[in-house]
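In: quick one, what's the 3D model for this:
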Amino acid sequence: MAATPDKPAAVTPRRKAGRHRGEGQWAVGHFTPLNGNEQFKKDDDGLNVRTRIETIYSKRGFDSIDPNDLRGRMRWWGLYTQRKPGIDGGKTAILEPEELDDEYFMLRVRIDGGRLTTEQLRVIGEISQEFARGTADLTDRQNVQYHWIRIEDVPEIWRRLEEVGLSTTEACGDTPRVILGSPVAGIAENEIIDGSPAIDEIQRRFIGNPDFSNLPRKFKSAVSGSPQLDVAHEINDIAFVGVNHPEHGPGFDLWVGGGLSTNPKLGVRLGAWVPLDEVPDVYGGVIGIFRDYGYRRLRTRARLKFLVADWGPEKFRQILEDEYLKYKLVDGPAPSQPTGTWRDHLGVHKQKDGRFYVGFAPRVGRVDGATLTKIADLAGAHGSGRLRTTAEQKMIVLDVEEGQVESLVARLEALDLRVTPSPFRRGTMACTGIEFCKLAIVETKARGASLIDELERRIPEFDEPITININGCPNACARIQVADIGLKGQLVLDDAGNQVEGFQVHLGGALGLEAGFGRKVRGLKVTSAELPDYVERVLLRFQEQREAGERFATWVARASDGDLV
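Out: Below you'll find the predicted structure:
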C-alpha cells in the first residue's frame, strides 16, 4: 500500500536478530565455556590437581588452596569441603561458599562393584580411626565416606588406600563415578550372569582417563546380572541389567537416562541386548555421547537424562550405533520382574559353591572405623577373605562355611549389625545431612536412627516391607522420590509459628516392581519432632485399609488425601 502524508506505508515486522547460544554441546561446535564450571575445567583438567595437593597444598595447608581447586577440581579425587559446624539450615542458601566451608574435607573411597577384601576393609577402618575422627559411612552407591580429613593427611591416606588396591579417583566431580555392581556377583545361586569382568574392564579403560574426565556433569553407572535387580538401575545414567536372550543366552538389557535430584526421570530401555564382552564398548559409546552431546550451558540441565528425554530412545540408540559403536546392537528382551521383595541381600543365603553369604544392616549406613575393623576381623576369623557393600547402605560377608555361620551371625548382632533386622532398620536410608553437607537444610542420620528406634518400640508387630528415605535437601541423594515414604528436608512452621527443621513428604515411590515416583499430598509437611507420630499414623492406617497382599505403594495410589496426612 502506498504511503500518504497522514498514513505511512505498512511495515512488515522484523524478528529481532540474534544468535542462539545452543546448549554448549561440543559435537555441534559449542566449545566456548558458558559457565564457571566449564571454564575451570577448560583451564585445567581436574585430574591434574593431585600433583598440587601432594606438592603444595598438603605442605602449606588449607589456606594455600586455589578456590577453583578447592570447590572444583579436588572433587576429581573424592574431596569436598565439609560444612562448618554451627551453621543452621536457614543459612544454607544464603551464605557464600567460603562462609560455609570448614577447613576439613569429606573424602569418598570408591568401591566399584562393592567389592572389598578383608585387608582393604581393615585399612579403611584404620584410616578412619587415625585421620577421620572415626567416621566412615556406607553410602547408597557402595562407597565409604570419611569426614574431618585434613589436607595435610591426604597424600598418606592415598598411599595406604592404593597400597591395597583402593582409590578415590573420580569418586566425585564431572566424571564417571563408581560403577555399581551386584553385591552377590559371581556367588549367587540364581544369578543370570556375572558382570564383574565388565566392571573391571570399564575401570581399566575409563576411570582416570583424561579423554573422559571432563563430562557435562556426573555420570552414574550400574552393572548387575542379579534377578533381584539390586543396583537401582532405573536411576542411573547407564545401566546393564541381566537378561536371558531366547537365542543368544545370558547378557544385559541396556538402560540410559535415569536420575533423581530436583527433576527426576526414570531410565529408559533402548531395547538392546548386550553380551558381556561388549559391555565396556557400549559403556564407552554412551559416555562418549554424554561428553560430546551433553548440555553444558546450564548446570541444571547438564545430566544425560535431559538429552535422552529430548532425543528419545530410538534416536539415542541410532547415534550410539552409527557414530560410536559402528555396528548394530541386537534387539533383546526386557528384564523380568524382580525376584523377592527386598533387594539388599540381608540374612543368610547359600552360595552356588555350597558356602554361605551373610548380609547385615547398620543404622542408616552409619558405622565407624573401629566397627569396620572389627567386621574385617570377624570375616577373617570365620573363613572369609571377601566382603561387599550394597546400594542400600548395607554390607555382606562372603564365603562362610556352614559351620561358621551361626557364630558369625551372633557376633555381628553383638555389634548392633542386624542380620535379621526389623522392616524399619532394613528399609530406612539417610543421606549425610546437615552434620557435614553444605547443601543440607536438616539433620538426617541421627533422625533416621531415632525414627527406627521409635517405630520398633511403637509398632513392633509391623512386618511388611517398607522403605523410608530421609534427605537433607532437595537433591535426593537418598532417593526420596522412589521410597515408600520419602522425606525431603526443609524448614517448616510448627504449631507455634516457629521455623523449625522438617520434611516435605513423598509417598508410594518404588524401584523394581512397578517403578515410579512418590505422590505428594498438597501441603503435607511434618516437623522433625512430629515425624515418628506421622509415620506411625500412616503405617497403622495402611494396615487397617490394605487389601490382601497389597503393597504400601499400591495402597497409597488409591488412598484419599485424608488417609495420608
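
In: count of residues packed around residue 354?
Out: Per other C-beta atoms under 10 Å, the neighbour tally for residue 354 reads 9. Quick note: C-beta positions are derived from backbone N, CA and C, even for glycine.

In: grab the nearest non-local neighbour of it.
Out: Nearest residue to residue 354 in three dimensions, chain neighbours excluded: residue 402, at 8.0 Å (C-beta to C-beta, 6 or more residues apart in numbering).

In: distance of that neighbour relative to residue 360?
Out: 18 Å (C-beta to C-beta, to the nearest Å).

In: neighbour count winner among those two?
Out: Set residue 402 next to residue 360 and count neighbours by other C-beta under 10 Å: residue 360 wins out with 25 against 11.

In: my guess is the more buried one contacts residue 417. True?
Out: Yes: distance between residue 360 and residue 417: 4.3 Å, which falls inside the contact criterion (C-beta atoms under 8 Å).

In: quick one: contacts for residue 127?
Out: 146, 157, 160-161, 369 (C-beta atoms under 8 Å, 6 or more residues apart in numbering).

In: where does it land on pLDDT?
Out: Here, the pLDDT recorded for residue 127 equals 98.

In: what of residue 4?
Out: Residue 4 carries a pLDDT score of 32 in this model.

In: please apply the same query to residue 10.
Out: pLDDT recorded at residue 10 is 38.

In: quick one, what contacts the residue nearest the centre of the chain?
Out: For the chain, the residue sitting closest to the mean C-alpha position, by C-alpha atoms, centre = their mean, is residue 141 at 4.6 Å. Residue 141 is in contact with 177-178, 180, 220, 391, counting by C-beta under 8 Å, 6+ apart.

In: can I get these in CSV with distance to residue 465, pLDDT and secondary structure?
Out: What follows is the contacts of residue 141, written out as CSV (distance: C-beta to C-beta, whole Å; pLDDT from 0 to 100; DSSP: H, G, I helix; E, B strand; the rest coil):
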residue, distance to residue 465, pLDDT, secondary structure
177, 28, 98, strand
178, 26, 98, strand
180, 21, 98, strand
220, 25, 98, strand
391, 16, 97, coil
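
In: let's see if you can find the most crowded of those.
Out: For the contacts of residue 141, the largest neighbour count, defined by other C-beta under 10 Å, is 30 neighbours, found at residue 180.

In: partners of that residue in the sheet?
Out: Taking DSSP bridges, one obtains residue 222 as the residues bridged to residue 180.

In: so it sits right up against residue 232, yeah?
Out: Yes: the criterion here is C-beta under 8 Å, and residue 180 meets it with residue 232 at 7.3 Å.

In: between those two, what contacts are shared?
Out: Joint contacts of residue 180 and residue 232 (C-beta under 8 Å, 6+ apart) are 222, 391.

In: find residues that contact each of residue 360 and residue 417.
Out: Counting by C-beta under 8 Å, 6+ apart, the contacts common to residue 360 and residue 417 are residue 395.

In: I'd like to know which elements the host helix or strand of residue 469 is packed against.
Out: Per DSSP states H and E: residue 469 is located in strand 468-471. Packed against strand 468-471 by the contact rule (3 or more C-beta pairs under 8 Å, 6 or more residues apart in numbering; DSSP states H and E) you find strand 428-430, helix 445-458, strand 485-493.
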